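Colleague: model the following, please.
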Amino acid sequence: MQLVEAIHARTTVHSYAPEPVADGVVDRVLAAAHQAPCHKLTWPWRFVVVGPSTRARLLPAAFRLAELKCKGALSPKLEARVRAKLLDPAVLIVVCQRRSDDPMRSREDYAAVSCAIQNMMLVATDAGLGSKWSTGGITQDPEAWSVLGVDGTHEDVVGFVWVGVPAKRGRIERPALVDHVTRLP
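Modeller: Just a heads-up that it's a prediction; the model follows:
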């Protein structure tokens, strides 16, 4: 696939088939992320590839957060949805950003980490896979951070990146580019 094709083909995938993703593909996704630009060569990212047993250990935190959101006990249907969301995609990569006391450095590092995530998702698309960058409550939960080995005093979770074989792909109708471009003489 050509780069421009991958850019135009990439969409957020919400539904995944129960098929594995080869370790070599995951390694290519991570290598692409590490090639992202970063101002001052800070390399502000850290990637945690989360296996099935650790993902299962995240379920109590996910259930607790879902109960808080719905303000009550989870129905069996909602519990199954939460379980599937956390366990079904073949790959989960947690993307962290090292904290900085300098607001400008933090802003530049966040941009670099975002570029790393985009690189990941483009390589996944090129490999015929789907991906999703998730920033839900579990990405900010100290209990989940503990399971994931995230030190909340030194780094932030920028998001979970899910990668897998798409069960279906969506299409998004984007507004016209001309509505988002200003040209100055």
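
Colleague: the lengthiest helix in the chain packs against which elements?
Modeller: As assigned by DSSP state H, the longest helix anywhere in the chain is helix 103-126. Packing partners of helix 103-126 (3 or more CB pairs under 8 Å, 6 or more residues apart in numbering; DSSP states H and E): helix 3-9, helix 23-34, strand 45-50, strand 91-98, strand 130-134, strand 155-164. Just so you know, the C-beta spots here come from the backbone N, C-alpha and C atoms, and that holds for glycine as well.

Colleague: tell me which residues of the first one are tucked away?
Modeller: Along helix 3-9, the positions that meet the burial threshold by neighbour count (16 or more other CB atoms under 10 Å) are Ala6.

Colleague: mean confidence for that helix?
Modeller: The pLDDT scores in helix 3-9 average 89.

Colleague: now do the longest one
Modeller: Predicted confidence along helix 23-34 averages 98 (mean pLDDT).

Colleague: what helices and strands are in contact with that helix?
Modeller: Here helix 23-34 touches strand 45-50, strand 91-98, helix 103-126, going by 3+ CB pairs under 8 Å, 6+ apart.

Colleague: what angle do that helix and strand 130-134 make?
Modeller: Relative orientation of helix 23-34 and strand 130-134, computed by axes from the mean of the first three to the mean of the last three CA atoms, to 10 degrees: 50 degrees.

Colleague: just use 401 as the starting number from now, easier for me
Modeller: Will do, 401 is the new start, and the previous item becomes helix 423-434.
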